[in-house]
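S.K.: This is the structure alone, sequence omitted:
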């Protein structure tokens, strides 16, 4: 038996970063490990520039996620005014957005970008301990997710949560069993979401965790450096199950 920590992720909008080139900012259909562990880091009070603590968090736990509802894709078109940053010795640094916009209007440039979001998507996240001495026990994480140090959001600051996470620790033989046993309150608040005919699950590690693997994919969401926004490849497996919640 192993302990698993499961919690619910739901909001009107969510965005789970993919490799971004140029002005297009896409989103995956399910949360990245870096996003979920970043959420946990915010809950326990880690600073973004604390590279050692974030690395310890990234390597201490395994991750799985169930897509209860994929939601709908929304593409948002942005125009943003920014001042020239300069080059070499003339390079400028701005402490706040107010400082940026204090430049004369004729000196401001316009950047165009498109950003993708998932609307009304619902997920169940699951983590378990990978190392003998993790920086936090699952009980510690459960408590901090109920009383987070910093505000939690779904991938971007513009994506707040609409329902409590309701973190729960479940003892089970596999992640699949833990997913089947977890129950959340306030289900009537999301009763309007269409019922998925097929439930999909992504997980990592060498074990099958009770699922029948259909495919493995490579995702670039293994944290290397938060300061430099560098990520490495990570392998995760995929399985689909009909009416998983009713088995």
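M.R.: Cool, got the structure. This is a predicted model, so every value here is computed, not measured.

S.K.: Can you give the domain ranges for this protein?
M.R.: Here the domain parsing of the chain from automatic domain parsing is 2-72+119-246, 77-111.

S.K.: Quick check: which of the ones you listed is buried the most?
M.R.: Of all those, domain 2-72+119-246 has the most neighbours on average by mean count of other CB atoms under 10 Å, namely a mean of 17. Placement of C-beta: from N, CA and C, glycine included.

S.K.: between the domains of the chain, which gets the lowest average pLDDT?
M.R.: Taking each of those in turn, the lowest mean pLDDT turns up on domain 77-111, with a mean of 82.

S.K.: quick one, what contacts the closest residue in space to residue 130 that isn't next to it in sequence?
M.R.: Taking CB to CB, 6 or more residues apart in numbering, and ignoring the residues beside it in sequence, residue 130 has residue 62 as its nearest neighbour in space, at 5.0 Å. Counting by CB atoms under 8 Å, 6 or more residues apart in numbering, residue 62 touches 127, 128, 129, 130, 203, 204, 205.

S.K.: Scan the chain for its longest strand.
M.R.: When the chain is parsed with DSSP state E, its longest strand is strand 230-242.

S.K.: Let me know the distance separating the nearest residue to residue 230 once chain neighbours are set aside from residue 40.
M.R.: Excluding the flanking residues, the one nearest residue 230 by CB to CB, 6+ apart is residue 224, at 4.1 Å. Look at residue 224 and residue 40: by CB to CB, to the nearest Å, they are 18 Å apart.

S.K.: coming back round to it: what are the phi and psi angles of the residue nearest to residue 230?
M.R.: Residue 224 has phi and psi values of phi -110, psi -50 when expressed as degrees, to the nearest 10.
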